[in-house]
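1. here is my input, please return the structure:
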Amino acid sequence: MLSRTPAFELFRRVIPYAQGNWLRLGGILGLTLLGSLGAALQPWPLKLIVDHALAKSGLSLPMPWLFGEASEAEIAITLIVLAAVASVALFLVNSALDAVLTHVGASLGQRITYACATDLFDKMCRLRLTFHGRGSVGDLLGRISIDSRAVYTVLQGLLMGPTKQAFTLCMVAGFAWSMNPMLTILSLVLAPLMAVASRFIGAQLKQRSKAQREAQSRIMAHVQRTLAAMPVVQAFGAESRNQIEFEYLSSEAVTRGQRSVLLMKSFESLNGVLMTISTAVVMYVGCQHVLTGKLTVGGLLVFMTYLHTIRGSMVNLLGVYGNLKVSEASIDRLSQILDSEEVVEERAGAVDLRKLPESGVGEVRFEHVTVGYEAGRPVLQDISLRARPGEVVAFVGRTGAGKSTLVSLLPRFLDPWEGRVTVGGQDIRDLTLSSLRSQIGLVLQDAFLLPLSVADNIAYGRPDATREEIVAAARAANADEFIRALPDGYDTVLGERGATLSGGQSQRLSIARALLKDAPILILDEPTSALDAETEALLLSALKRLVAGRTTLIIAHRLSTIRHADQIILLDQGRIAEAGRHQQLLSRGGLYERVHALQFATPATEGAA
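-> Residues are numbered from 1 along each chain as shown. Model (predicted):
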């Protein structure tokens, strides 16, 4: 098995995106070859003028049969005109080739960048919620918007850039060798020294570039956190504190960027010194060859132009290593996401839950389930329970008892360490994710609303729903009245996360969304937490109609919400402490009865206590 060296990692990440673009890559290589030939021919009109048209020791004709009986003056003028026309023609051809290369390269770059960003976004959507809980949205945005460009940068650095420079170097070096082998050798002798310098500085460039990208990601994460929590920021007067933090993070990013630039400029300066020495040596030896008649003046001018081209190609070719080291930092950040194993995997041969007999789809079982978020620290231990179709199973307990963790197992937001969860008698790990989640309606404690229209938010789980069905769901959730009072009714576009609505309104839209999905299994995570008593009463009557024939798991702190539940599970320290119906639990005089007494205590009772 191949070890994943940096070079291997770059190839492994880039090649899949190149495979679908071989035609464009082939076109780029062909145009590059033509461009290299044009660059090699560019100085030859100057040689024609200097060595033939302006020669003082008699006119030397490259092709005497073209001029017939014309005088030397006429021939000289003709050569100058031909050289000028050839120079302009070569310039136009090279410019056209460069323009086409730029266009094709930009098109290819955008395709590859967006393809990588698409894969990255798709993988992020499939990662477990535990992964997202550890990171920041700003950092993930930075990976999609900035780091994804590194794939094209690497492809260009590994294939297109080096190929172009190699073509140009070989073409020009071939012409130069035909003119004077010794000068050609002198022009190339410094390449090994430059390669060593590139290798030494490249590793440092990667480290500093990675540090710079991390600093930029921290800026984006800070901005995202601040903007998402703007009501809290303003309410606590934290504007200045956040501004100071932004300035500090910006200063850190600038400092790290300056270090990278300084290192790169030092590398370029070193190359410049070496190339200047090489130019001086070649110029001295070339002049000696002109004086001894081994080289013409025009040939020397052409050679000096070639020397400039060779120097540029060598610098660019050797600079590829440094550029790739910069890109490696972004590739590492992409690989952290694309290669992450924190995904919900489907087993081979997973079954579509929708194809199971309808009578068993709604039955849910938790069998000896143990689960947590950190190794060695279980949140739930040995949980076993059963919820039949048509039953309402409620979960109560202190904050942190594991209620939300328990219901999160059902849609496979995380998987149990031990035991299993079944739906319709099937282990949910043997079901396809799409079919499992399509059968579950969800109302979270925090109503997540998107910056879409009200109708689109309600129909998010059923995009094909009709307006009549959307309105019916809103009425069932007691939301129709306030929706119609909005500026554009159901077509009103909401603010980010429903910021333009009250907490109760947002929660009712979330409930309407679950109602419209009409799934056989419902998960309600404190659905009435943001509702007043009157609205709660109306909602409970709607929920009573909704749960008929469905399996409903409900988390509630308000015991009034779950009095009529078929089962009430009280969790304490990650275990089931009590289970039964409301009256049964009250009659036992245990923990549930004490919680109930605290919630429904009257002032007189409190005084007596």
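2. which stretches of the stretch 401-550 of the chain have low pLDDT?
-> 496-499, 528-548 (pLDDT under 70).
3. can you give me the pLDDT of the nearest residue to V151 once chain neighbours are set aside?
-> For V151, ignoring the flanking residues on the chain, the nearest one in space by CB to CB, 6 or more residues apart in numbering is C116 at 4.4 Å. Every C-beta, even on glycine, is put in place using the N, C-alpha and C of the backbone. Note on C116: pLDDT of 83.
4. what does L356 give?
-> So L356 comes in at 63 (pLDDT).
5. again, but for L380
-> Taking L380 on its own, its pLDDT is 91.
6. ok, V364 next?
-> For V364, the predicted pLDDT is 91.
7. likewise for L10?
-> pLDDT, L10: 65.
8. the one 10 residues further on now?
-> In the prediction, the pLDDT value recorded for G20 is 69.
9. check the one 5 residues further on too.
-> The score at L25 is 72. That number is its pLDDT.
10. what's the closest non-adjacent residue to it?
-> A18 is the one closest to L25 (CB to CB, 6+ apart), at 6.5 Å.
11. so which strand or helix has the one you found?
-> In the assignment (DSSP states H and E), A18 maps to helix 6-19.
12. then S384?
-> Judged by DSSP H and E, S384 forms part of strand 377-387.
13. with V371 instead?
-> Element membership of V371, judged by DSSP H and E, is strand 364-374.
14. and for F395?
-> strand 392-397.
15. what does that strand rub up against?
-> Here strand 392-397 makes contact (CB atoms under 8 Å, 6 or more residues apart in numbering) with 385, 387, 403, 406-407, 547, 551-557, 559, 561-562, 564-572, 577, 592, 595.
16. hmm, try it at 6 Å
-> Strand 392-397 has contacts (CB atoms under 6 Å, 6 or more residues apart in numbering) with 387, 403, 547, 552-556, 562, 565-572.
17. now the buried members of those residues.
-> Among these, those buried by neighbour count (16 or more other CB atoms under 10 Å) are 387, 403, 547, 552-556, 562, 565, 567-571.
18. from the residues you listed, which land in strands?
-> Judged by DSSP state E, strands contain the following of those: 387, 552-555, 567-571.
19. hang on, the earlier thing: got the angle between the strand holding V371 and strand 377-387?
-> Using axes from the mean of the first three to the mean of the last three CA atoms, to 10 degrees, the direction of strand 364-374 lies 170 degrees away from that of strand 377-387.
20. buried residues, strand 364-374. List them.
-> Using 16+ other CB under 10 Å as the test for burial, strand 364-374 gives 364-367, 369, 371-372.
21. please produce CSV containing those, extended by distance to T292.
-> Listed next are the buried residues of strand 364-374 as CSV, based on distance: CB to CB, whole Å:
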residue, distance to T292
V364, 96
R365, 97
F366, 95
E367, 96
V369, 92
V371, 87
G372, 85
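22. just give the number of residues close to F167.
-> For F167, the neighbour count with other CB atoms under 10 Å is 20.
23. for it, what are its contacts?
-> Residues in contact with F167, defined by CB under 6 Å, 6+ apart, are 32-33, 36.
24. neighbour-wise, which one of the residues you listed leads?
-> The residue in the contacts of F167 with the most neighbours, by other CB under 10 Å, is S36 (23 neighbours).
25. flag the shaky bits of the stretch 151-300 of the chain, pLDDT-wise.
-> Residues of the stretch 151-300 of the chain that meet the criterion pLDDT under 70 lie in 156-162, 190-206, 228, 231, 235-236.
26. where exactly do the helices run in it?
-> 161-179, 181-188, 191-228, 230-235, 239-291, 297-338 (DSSP state H, counting those that start in this stretch).
27. nearest to R377, out of the ones you listed?
-> Ranking the helices of the stretch 151-300 of the chain by distance to R377, with CB to CB as the measure, places helix 297-338 first at 24.1 Å.
28. what's the spacing between E391 and S587?
-> From E391 across to S587, the span is 21 Å (CB to CB, to the nearest Å).
29. the two - which one has more neighbours?
-> Using other CB under 10 Å, the more surrounded residue of E391 and S587 is E391, with 18 against 11.
30. can you name the residues that contact that one?
-> Residues in contact with E391, defined by CB under 6 Å, 6+ apart, are D566.
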